[in-house]
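S.K.: sequence? don't have it. structure:
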């Protein structure tokens, strides 16, 4: 095997996750999950706007009215869909907390889906000083 072939193959593999990471990929993932383009709405997205280390960033999402599902999306991680959480009809104020990895500074988007088909979203710009994918 030639050195040039190995280098070209390594460069191609390194670029694959980045090829899917984009605002368009995130919007497509949101549309696929929600079934439509969400509008801006009342939804709480709690997380730090300045993150020192992207390996385990705490995040909390809460809806201000009953919904059947909540989700988190990121445009610059290799996979735009971070998490989807479903709720039953007895949950009056749905919310969830988790930790997520952030590859770099980006806008995080939370989306809510109501039983009647309405969807809304909110977002937060997060600055990451040490990306998650850099540390072992």
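M.R.: Perfect, I can see it now. Just so we're clear, the structure is a prediction, and the values are computed from it rather than from any experiment.
S.K.: start to end distance for stretch 64-80?
M.R.: End-to-end distance for stretch 64-80, by CA to CA, to the nearest Å: 24 Å.
S.K.: Need the mean per-residue confidence for it.
M.R.: Here the mean pLDDT over stretch 64-80 is 91, rounded to a whole number.
S.K.: Buried residues in it, which are they?
M.R.: 66-77, 80 (16 or more other CB atoms under 10 Å). To be clear about C-beta, it is placed using only N, CA and C from the backbone, and glycine gets the same treatment.
S.K.: Max pairwise distance over those: which two?
M.R.: Maximum pairwise distance among these (CB to CB): 31.5 Å, between 66 and 76.
S.K.: could the buried residues of stretch 64-80 be laid out in CSV, adding secondary structure and distance to residue 121?
M.R.: CSV is the format used below for those (DSSP: H, G, I helix; E, B strand; the rest coil; distance: CB to CB, whole Å):
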residue, secondary structure, distance to residue 121
66, coil, 17
67, coil, 12
68, coil, 15
69, strand, 12
70, strand, 10
71, strand, 9
72, strand, 10
73, strand, 9
74, coil, 13
75, coil, 13
76, coil, 17
77, coil, 17
80, coil, 13
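S.K.: could you pull out the helices for the chain?
M.R.: 3-20, 23-34 (DSSP state H).
S.K.: Which of those helices comes out lowest on mean pLDDT?
M.R.: Lowest mean pLDDT within those: helix 3-20, at a mean of 47.
S.K.: what residues are up against residue 98?
M.R.: 58, 59, 72, 83 (CB atoms under 8 Å, 6 or more residues apart in numbering).
S.K.: Tell me the one among those nearest to residue 26.
M.R.: Within the contacts of residue 98, the smallest distance to residue 26 is 10.6 Å, found for residue 72 (CB to CB).
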